[in-house]
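Enquirer: Okay, structure incoming, though there's no sequence with it:
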């Protein structure tokens with residue numbers, strides 16, 4: 001790994017999200033406590049998410065946000081704005097994750113059912129944007145592909161015998 005001084009702020013965030021996710025999974029498994037009991041808020045309703053499920057939700061949203069940040073930094077490092085387009089394309093999916101967490105935070109009440117529709121719409125929009133951004137990135141490969149070399153009478157042909165590539169070359173063959 002990198003020395004501690006080389007870690008970026010986003011690296012610390014990823015380490016923290018991973019630690020919290022693992023700690024939540026292990027702690028909940030060992031103690032058998034649900035989220036509200038673990039926080040001393042009283043018993044939760046039957047549809048409440050468990051601590052491990054919350055750990056997965058929160059760490060997934062955190063990791064997605066960090067991925068957005070890393071892609072943006074890569075765009076700056078490579079001076080290629082198409083990578084920033086990928087970051088913008090990731091935003092609807094981030095909004096979808098935050099919408100799901102909000103819905104679950106309030107124990108999935110029917111009064112917040114429109115959030116489920118919003119989450120579905122954001123997921124569809126995010127997937128469509130990510131597809132378009134991915135296609136845009138493939139165009140970099142096409143644009144940066146070297147032009148084919150045109151054969152002329154002075155350009156050696158790859159299909160020609162080796163003697164036409166280097167007529168002056170001497171081949172040393174040992175007789176046994």
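Expert: Okay, I see it. Just so you know, these numbers come straight off a predicted model, no measurement behind them.
Enquirer: use CA for all of it now, contacts and neighbours both
Expert: OK.
Enquirer: ok, and what's touching the strand or helix carrying residue 104?
Expert: Under the criterion of DSSP states H and E, residue 104 resides in helix 81-105. Applying Cα atoms under 8 Å, 6 or more residues apart in numbering, the contact partners of helix 81-105 are 48-49, 57-58, 61, 64-65, 68-69, 71-72, 74-75, 109, 112, 115-116, 118-120, 122-123, 125-127, 129-130, 133-134, 136-137.
Enquirer: Not counting sequence-adjacent ones, nearest residue to residue 134?
Expert: In space, and not counting its chain neighbours, residue 134 is closest to residue 86: 7.2 Å by Cα to Cα, 6 or more residues apart in numbering.
Enquirer: Check which element follows the helix holding residue 104 along the chain.
Expert: In the C-terminal direction from helix 81-105 (assignment by DSSP H and E), the next one is helix 114-144.
Enquirer: which helices and strands sit right next to that next one?
Expert: helix 81-105 (3 or more Cα pairs under 8 Å, 6 or more residues apart in numbering; DSSP states H and E).
Enquirer: Averaged pLDDT, the helix it packs on. What do you get?
Expert: Helix 81-105 carries an average pLDDT of 95.
Enquirer: Could I get the buried residue list for it?
Expert: Buried residues in helix 81-105, counted by 16 or more other Cα atoms under 10 Å: 82-101, 103-104.
Enquirer: Please apply the same query to stretch 105-122.
Expert: 107, 108, 115, 116, 119, 120, 122.
Enquirer: pLDDT score for the third one?
Expert: To tie it back to what came earlier, the one meant is residue 115. pLDDT, residue 115: 95.
Enquirer: quick one: contacts for it?
Expert: 99, 100, 103.
Enquirer: May I see the residues you listed organised as JSON lines, with distance to residue 44 added?
Expert: Below are the contacts of residue 115 laid out as JSON lines (distance: Cα to Cα, whole Å):
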{"residue": "99", "distance to residue 44": "20"}
{"residue": "100", "distance to residue 44": "18"}
{"residue": "103", "distance to residue 44": "15"}
